[in-house]
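Asks: my questions concern the predicted model and sequence given below.
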Amino acid sequence: MIKISIIAPIYGVERYIVKFADSVLSQTYSNIEFIFVNDGTKDRSMELLDELIASKYEHLRPQIKIVNKENGGLPAARRTGMEHATGEYILFADSDDWLEVDAAEKIMREAERSHADIIYFDLVKEYGHKQSIKREREYSAATKELWIENIFNYRSFGYTVTKCFRRELYTSNKIYTPKLGMHEDIYLMTQLIFYAKSIVRLPEVLYHYRKDNEASMCADVRHRRHIASSRNLLDLYHNFSDSLATSPIHHVADGIVLRAGWHAMIHRVDLFSEFPWLAKAIQRAKLSTHYRTPLLFQVIVKIYAWSK
């Protein structure tokens, strides 16, 4: 029986931790390593988790790892969890969401059958009392470049939580992790998909993703999210562009810098000083209607880059 490690960073989720942990610890699959990473949370999340384990899941103590660290954000917490994982497969889960009780069993049944590098599945977005089922397109190792391109252009989901992957895929390749917690899923999954030699879709809804009400998000928060996203994507470009350059989707790298340049302009943040190579990268970038950034905006960004 293949072991799977479920890694869950915990920070500020005392309202949700019991429902989440109950869904994880009650999985019907038995060979699971549960890794809860306390990312320096200041609320009662860890206390509530311990109470739940003591009351219902004491028999699982040998399979549970509690890892404590100073607060460093989601990417760092996931990376810490990976350092403690021993399972052949890895599944990240966010501690304000929840899983179907047989999620691990269905994923591992597919892993036993296919031994795929990545097994991905569908999710439900939870909007309070409303739900929306999100089904992913069909991809394979032969179409992974299309998948990466679609993720960058928001035509497919970049969620890490809907993709179970071989731990070796992470440890045997030079995987970069972002410094900031925005679009970190795209950052990680782009690299894992790129290196994967086998990919299988499991057409099952196995994950419940709690969605914030973005319509009520204040302009300042949206501004900070866009800039954090741009910084992460530029970091990915800097670390990963050589690999992309030799692939059929080399133009994705151009789309990254053009989008970041546009965000820098409209949010008046000097990313050009922060990333000194950005202006020349934009100058070299080819315009395309395939990018997320509209063509007119791409032209404006290129003109601006030539003025730097």
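Replies: Yep, it's here.

Asks: most centrally placed residue in the chain?
Replies: For the chain, the residue nearest the mean C-alpha position is residue 185 (1.9 Å; Cα atoms, centre = their mean).

Asks: give me every residue that touches it.
Replies: Going by Cβ atoms under 8 Å, 6 or more residues apart in numbering, residue 185 touches 158-161. All C-beta spots, glycine's among them, are computed from the backbone N, C-alpha and C.

Asks: can you pull out the strands in the stretch 1-150 of the chain?
Replies: For the stretch 1-150 of the chain, applying DSSP state E, counting those that start in this stretch gives strands covering 4-10, 32-39, 64-69, 89-92, 98-99, 118-127, 130-134.

Asks: can you list the residues that contact the last one?
Replies: By that I understand strand 130-134. Against strand 130-134 from outside (Cβ under 8 Å, 6+ apart): 122-125, 157, 205, 209.

Asks: any idea which of those residues is closest to residue 67?
Replies: Of all the contacts of strand 130-134, residue 67 sits closest to residue 209, with 23.5 Å by Cβ to Cβ.

Asks: am I right that that closest one is in a helix?
Replies: No: with DSSP: H, G, I helix; E, B strand; the rest coil as the criterion, residue 209 is strand rather than part of a helix.

Asks: flag the least confident of the contacts of strand 130-134.
Replies: Lowest in pLDDT among these is residue 157, which has 85.

Asks: please enumerate the helices of the protein.
Replies: 17-25, 45-56, 74-84, 103-114, 144-152, 167-171, 184-195, 219-245, 251-266, 271-274, 278-284, 295-306 (DSSP state H).

Asks: could you export the ones you listed as a markdown table, including mean pLDDT and distance to residue 34?
Replies: Below are these laid out as a markdown table (pLDDT from 0 to 100; distance: least, Cβ to Cβ, whole Å):
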| stretch | mean pLDDT | distance to residue 34 |
| --- | --- | --- |
| helix 17-25 | 98 | 6 |
| helix 45-56 | 98 | 9 |
| helix 74-84 | 93 | 10 |
| helix 103-114 | 98 | 10 |
| helix 144-152 | 88 | 28 |
| helix 167-171 | 96 | 15 |
| helix 184-195 | 87 | 21 |
| helix 219-245 | 73 | 28 |
| helix 251-266 | 85 | 35 |
| helix 271-274 | 90 | 39 |
| helix 278-284 | 92 | 42 |
| helix 295-306 | 92 | 45 |
